[in-house]
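A.B. asks: Turn this into a structure:
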Amino acid sequence: MSDNDYWEKAFESGEYRHWEFNYPSPELVAIVAAGVPRKGEKVLDVGCGSGADAIFMAQCGFRVIGIDISAAALRITGKRAKKSPC
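C.D. replies: Next comes the predicted model:
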């Protein structure tokens, strides 16, 4: 099974839920609170998974691009982003 197949299966089946959270990483929250980067700047979330960090950054006023090897992960991120207040 290729890496792509593994991640696609994990996100399609819901197996990813044991390592993904519905809140951003504490380290990212601390960096944003410190003002690095500045609001309005573009940020790239590489390996965005189900989008918790990318959505948090968008809610904080950043222009966010999230990329992931899994199309299923990006679909989950898109659904979560549509439900987000930003």
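
A.B. asks: what comes into contact with the longest helix belonging to the chain?
C.D. replies: Using DSSP state H, we find that the single longest helix of the chain is helix 71-83. Helix 71-83 is contacted from outside by 7-8, 11-12, 16, 48-52, 54-55, 58, 66, 68, using Cβ atoms under 8 Å, 6 or more residues apart in numbering. C-beta coordinates here come from the backbone N, C-alpha and C atoms, glycine included.

A.B. asks: Stretch 2-17 now?
C.D. replies: Here stretch 2-17 makes contact (Cβ under 8 Å, 6+ apart) with 1, 49-50, 68-73, 76.

A.B. asks: Model confidence for the residue nearest the centre of the chain, exactly?
C.D. replies: Nearest to the mean C-alpha position of the chain, by Cα atoms, centre = their mean, lies residue 51 at 2.2 Å. As predicted, residue 51 sits at a pLDDT of 95.

A.B. asks: thinking it is in contact with residue 64, fair?
C.D. replies: No. The pair residue 51 / residue 64 is not scored as a contact, 9.2 Å apart, by Cβ atoms under 8 Å.

A.B. asks: what bits of the chain have low per-residue confidence?
C.D. replies: In the predicted model of the chain, residues 86 satisfy pLDDT under 70.

A.B. asks: What ranges does it have for its helices?
C.D. replies: Remark: helices assigned in the chain by DSSP H are 3-13, 26-33, 52-59, 71-83.

A.B. asks: buried sites along the longest helix of the chain?
C.D. replies: Going by neighbour count (16 or more other Cβ atoms under 10 Å), the buried part of helix 71-83 is 72-74, 76-77, 81.
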